[in-house]
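S.K.: Here's a sequence, model it:
(chains A and B)
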Amino acid sequence: MIDLAQTVAQNASAGESVFFWILAPIALGGAMGLVLARSAIHAALMLAITMMCLAVFYIMQAAPFLGFVQIMVYTGAIMMLFLFVLMLFGRDSKDSMFETLRGQRLLAVCLGIGLAALLASGLARAVSGMTIAADPRWATGAQSNVEAIAEALFTTYLFPFEVVSGVLTVAAVGALMFAHVAKKGGHRGQKEHSRERFASGVYPGPKPGPGVFATSDSTATPALRPDGSIEPASLSAYVPPRQLTAAESAPKHTEGRE
Amino acid sequence: MNDPIWLMLVKGVLVFVVLVLLVLFTIWFERRVVAIMQVRPGPNRNGPFGLLQSLADGLKLAFKEDVMPRTADRVVFIAAPVIAVACAFTAFAVIPFGPEVNVFGIETELQLTDFEVSVLLILACSAVGVYGIVLAGWSSGSTYSLLGALRAAAQVISYEIALGLAVLTVFFQSQLMSTGAIVEAQAQGLPLNFGGAEITLPGWYLIILAPSFVIFVISMVGETNRAPFDLPEAESELVAGFATEYSSLKYASFFLAEYVNMVTMSALCVTLFLGGWAAPFPSSWWPGANEGFMPLVWFFGKVLAFLFFYVWLRGTLPRLRYDQFMRLGWKVLVPVSLVWLMVLAAMNIGLDTENELPTRIAFAGGAAIVVMALIFFWPNRKQYEEPAEPDTGLGGFPVPPMDLAVPPNPRALKELEPANTSAPQMLDSQASPRGPINGSRPTDKGEEE
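M.R.: Below you'll find the model as predicted:
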């Protein structure tokens, strides 16, 4: 592991090191922010930042195709779907700091450290004794990065690739099945709507608005029919009609004139 | 690309300046062209032909008060327009404007940068640019904004698939993913042999990949949120959509991003399907047309033609309903692109000269059969059936009765009825000519019968 890190450090060009030391703290900060953020949207954005940094790392490691696909697929599509769902929760929903299970947080920290140690040791065992190829394109003998990936996907890893795509399709169809709810009472067409609207006892036009007079234009003012009687449909069931007193409805005096 | 640093900086600044100028021009162009289509003059006061109108509008917007809603999420609210604009400008970096030219003794290409998979950069930028819109809508803390943002997210994800599949066919055909290389690949003509007659068509992918071109153009309008697909900012439904709570320079930057995206998508379409900076005629007509700085004319001419197309769409088509829009994306564009991709792959393998003749026939025939089957078995709508007898159900459609007697025009009556004595003081005490009609109000229909 340490040998590998040293060779990496020796082989890296100046530009690569500069970008690494700029982006690595940002990626780590994003990862920390993901865990520590209180709002779900902020956590998702932090994860997006980390993913973008990883994509730039891929590009720096001479894997531009992988890097851009990472941005397009993970940041562009998958995180966007996450955001889509989270946005529907409302802006004020935040994680509560209340522990529902006793000792849950302590246990989570212990297990997290354990998992990190497990992953780190596994990775260390896997990469120790590996040598770094000058350029991954030449390592596989393919002409370009894209060709090398295509060759790996469609020859060596064809079966896992197909299995994964099949499983994903099944998952998507399953989610659709769960989310699908049969509509109650069939589709109502234009004809049904029209019949309902023009059924006897129903006034097909819009309801009359409140009365608008020089003395009042409140919603509580009833509209008057041409014969002067009150139009009942203009009265709301919830707003009590307001009868103006003689003083209120009298013309108001203007400034400078008594 | 081994340019000196100063040349890179100059190119970067030039790309920025060109984009900003094009945006200012496009806004004026759009308003003038739509005005001409609607038989009115359009902006014609500021500068020659009103050309400085958008500059004046931009300056006015910049000096407006910047309002931030109390419910806004401050950091995200400010970051959203920055993301939108940054992504819009970055995408233009890989568009080739022209061939190699000589600038102060240095041979360089008229392109900021190019690499193995540069088309993917544009797609990635447009994918990340949606974050600007979505976060703007979410962080505003307003219902209209949130609805606009949700629409934008759903729309861009749906249309990005069709757009990506259309671009994929270009990758298929050219076996290249770099913008500069794709332009060069289109320079070679396409020799065709029609019963002994040799014809050389231009190698533009517009001709070979015509279905992809159509799909690309439709989905690029959807991707840039332009009419008739401008649902995220539908002013008749959502005020200004995701930008409702924005003001001043932040509001302006969303429009800057939208117009830059229009220019970028037009330029990408020109690059992928219309031969990029190549002259729109055979090189034998004018050998110098594709050398030096001349291709800039062809490139920007083609881009302007696309911008005119955008404006034309906006001036012509009404906005789609949301479900129709989604149906077009998922049920038409995506399946057609997938099938076309398969057919193209089959034809490419079938036409490969290394294959045996039966293999070629099998592949080409299989592709043809798939297309035929699609045409024949495409599920079409339920046909309208003429009802056997007119609808006499519960009221039916509101049609006048067959024995309708038109009431006499009250104004034609010589003797008016006496005034209603119960009429209030505020009504005119003169005899009301409306008197006779009062009894036949539609509400009273039920009571009369």
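S.K.: For the helix or strand residue B:134 falls within, list the C-alpha coordinates in CSV.
M.R.: Using DSSP states H and E, the element containing residue B:134 is helix B:118-139. These are the backbone C-alpha positions of helix B:118-139, laid out as CSV (Å, rounded to 0.1, in the frame of the first residue of the first chain):
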residue,chain,number,x,y,z
SER,B,118,-15.5,16.2,-25.7
VAL,B,119,-19.1,15.7,-26.8
LEU,B,120,-19.8,14.2,-23.4
LEU,B,121,-18.6,17.4,-21.8
ILE,B,122,-21.6,19.2,-23.3
LEU,B,123,-24.0,16.6,-22.2
ALA,B,124,-22.5,16.6,-18.7
CYS,B,125,-22.7,20.4,-18.5
SER,B,126,-26.3,20.4,-19.5
ALA,B,127,-27.0,17.6,-16.9
VAL,B,128,-25.4,19.6,-14.1
GLY,B,129,-27.0,22.9,-15.3
VAL,B,130,-30.4,21.5,-14.4
TYR,B,131,-29.2,21.7,-10.7
GLY,B,132,-29.3,25.5,-11.1
ILE,B,133,-32.9,25.5,-12.1
VAL,B,134,-34.0,22.8,-9.6
LEU,B,135,-32.2,24.3,-6.7
ALA,B,136,-33.5,27.8,-7.6
GLY,B,137,-37.0,26.5,-7.4
TRP,B,138,-36.5,24.6,-4.1
SER,B,139,-34.5,27.3,-2.3
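S.K.: Counting by contacts, list what it packs against.
M.R.: helix A:40-60, helix A:64-69, helix A:79-87, helix B:74-91, helix B:143-174, helix B:179-185, helix B:248-273 (3 or more Cβ pairs under 8 Å, 6 or more residues apart in numbering or on different chains; DSSP states H and E). For the C-beta atoms, the positions are set from N, CA and C on the backbone; glycine is no exception.
S.K.: Point out the most buried one among those.
M.R.: Sort these by mean neighbour count, taking mean count of other Cβ atoms under 10 Å in any protein chain shown, and helix B:248-273 sits at the top with a mean of 24.
S.K.: contacting residues for the residue nearest to the spatial centre of chain B?
M.R.: In chain B, the centroid-proximal residue (Cα atoms, centre = their mean) is residue B:221; its distance is 1.8 Å. Residue B:221 makes contact with B:228, B:229, B:310, B:313 under the criterion Cβ atoms under 8 Å, 6 or more residues apart in numbering or on different chains.
S.K.: Next, the buried residues of the strand or helix carrying it.
M.R.: Secondary structure assigned from DSSP H and E places residue B:221 in helix B:210-223. Neighbour counts using 16 or more other Cβ atoms under 10 Å in any protein chain shown place B:211-223 of helix B:210-223 among the buried residues.
S.K.: And those, which two are furthest apart?
M.R.: Farthest apart among those by Cβ to Cβ are B:211 and B:223. That separation is 17.9 Å.
S.K.: By proximity to chain B, which residue of chain A wins?
M.R.: Nearest residue of chain A to chain B: residue A:76, at 2.6 Å (Cβ to the nearest Cβ).
S.K.: Hmm, that residue is touching residue B:124, no?
M.R.: Yes: the pair residue A:76 / residue B:124 is scored as a contact, 6.7 Å apart, by Cβ atoms under 8 Å.
S.K.: one step back: list just the nearest of the contacts of residue B:221 to chain A.
M.R.: Proximity of the contacts of residue B:221 to chain A (Cβ to the nearest Cβ) peaks at residue B:229, which lies at 17.7 Å.
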